[in-house]
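**Student:** How does the following fold in three dimensions:
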Amino acid sequence: MRWQQGQWHQVPADPIAPEAPLAIRLLYDTTDARRSLDFAITMRSPGADKALVLGYLYSEGIIQRADQVERIELASEEAANVYLSTEVSFDPAAYQRVGYANSSCGLCGKADLGQIQQTIPFFPAKAKPRVSPELVRQLPATLLQHQQLFAETGGIHATALFDENGQLLHLTEDVGRHNALDKLIGRALQEGQFPWRKNIILLSGRISYELVQKAAMAGTPIVAAIGAPSSAAIKLAEATGMTLVGFLKEDRMNVYTYPERLVEA
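**Tutor:** Residues are numbered from 1 along each chain as shown. Predicted coordinates:
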């Protein structure tokens, strides 16, 4: 039922954003045996689950390449078994968490920016790429045109990867902002498209610390969002050499770090 203009109306169809848990179990080698660990449970929109798992493990610093995962078995609609290769030195004690673990964590075990910088394998090239503000302001319209699930449900986040010419390369959608970015990273790992030296990431919502951290792991030079950044997100963007754009609209934007990448054509 929908209440509108003082009256109740029957709604024949109202698509809802899909959300379901995905449990991630790691299987890894030790000196004496292969062991397993129930690593995390994330609430996500089903679909592209293998890319989500790869992106998540990369963002957590567990793997650096896709081939460090031997295989991913989707044991059910709500469980994934991840077989790490023998070259991965996985210490479960380093990833112990108290309570519920989820994919929005993003290296939450790290105590400060210095520790995170030691984990990030790529940093953006200084002052590159150079793109025009005119190009950046057009990205949200392109994003909206390709947000299929958002158009159907109105309750989904999106992350898009653009090249320096404003060409849309990939787009992922999920109920979780962090999941959408992990899926994008996982797809790039699968296709060998790292690092993102000349790319722009566009986020459909606000910019949190965790999202900047995940983008920094991929060496992303420019991250833009329709929403606002947090103070910690700005601080991490500054520390990792990333240009951070918030409140991106058709006629304005706020640039918080490294504005020298945005130049008039």
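**Student:** per-domain residue ranges of the protein.
**Tutor:** 20-110, 133-261 (automatic domain parsing).
**Student:** For the stretch 1-150 of the chain, just list every one of the helices.
**Tutor:** Listed in chain order, the helices of the stretch 1-150 of the chain (DSSP state H, counting those that start in this stretch) span 49-59, 113-119, 133-137, 139-145, 148-153.
**Student:** Now tell me which of the ones you listed the model trusts least on average.
**Tutor:** Ranked by mean pLDDT, the helices of the stretch 1-150 of the chain bottom out at helix 113-119, with a mean of 51.
**Student:** And Leu161, which helix or strand is it part of?
**Tutor:** strand 157-163 (DSSP states H and E).
**Student:** what's the distance between the very next helix or strand once past that strand and the middle of its chain?
**Tutor:** With elements assigned by DSSP H and E, the helix or strand that comes after strand 157-163 is strand 168-174. Counting by CA atoms, centre = their mean, to the nearest Å, strand 168-174 is centred 10 Å from the centre of its parent chain.
**Student:** Neighbours of Lys198, how many?
**Tutor:** Around Lys198 there are 18 other residues, counting by other CB atoms under 10 Å. C-betas here are computed from N, CA, C, even on glycine.
**Student:** and if you look at Asp174?
**Tutor:** Applying other CB under 10 Å, I find that Asp174 has 29 neighbouring residues.
**Student:** wouldn't it be in contact with His157 here?
**Tutor:** Yes - shown here, Asp174 and His157 form a contact pair, counting by CB atoms under 8 Å, at 6.0 Å.
**Student:** Would you map the strands across the protein?
**Tutor:** 2-4, 7-9, 20-29, 34-44, 69-76, 79-84, 157-163, 168-174, 199-203, 222-225, 243-246, 254-257 (DSSP state E).
**Student:** Take those and write them to TSV, including mean pLDDT and distance to Leu184.
**Tutor:** Formatted as TSV, these follow (pLDDT from 0 to 100; distance: least, CB to CB, whole Å):
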stretch	mean pLDDT	distance to Leu184
strand 2-4	66	34
strand 7-9	74	38
strand 20-29	90	17
strand 34-44	88	13
strand 69-76	94	17
strand 79-84	95	18
strand 157-163	94	5
strand 168-174	93	5
strand 199-203	96	8
strand 222-225	96	12
strand 243-246	94	17
strand 254-257	92	21
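**Student:** In a markdown table: those, plus distance to Leu211.
**Tutor:** Formatted as a markdown table, those follow (distance: least, CB to CB, whole Å):
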| stretch | distance to Leu211 |
| --- | --- |
| strand 2-4 | 33 |
| strand 7-9 | 38 |
| strand 20-29 | 19 |
| strand 34-44 | 15 |
| strand 69-76 | 23 |
| strand 79-84 | 22 |
| strand 157-163 | 8 |
| strand 168-174 | 13 |
| strand 199-203 | 6 |
| strand 222-225 | 8 |
| strand 243-246 | 10 |
| strand 254-257 | 14 |
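**Student:** Mind listing the shared neighbours of Asp174 and His157?
**Tutor:** Residues touching both Asp174 and His157 (CB atoms under 8 Å, 6 or more residues apart in numbering): Ala180.
**Student:** In the protein, where's the longest helix?
**Tutor:** helix 177-191 (DSSP state H).
**Student:** buried residues in that helix?
**Tutor:** Within helix 177-191, the residues scored as buried using 16 or more other CB atoms under 10 Å are 177-189.
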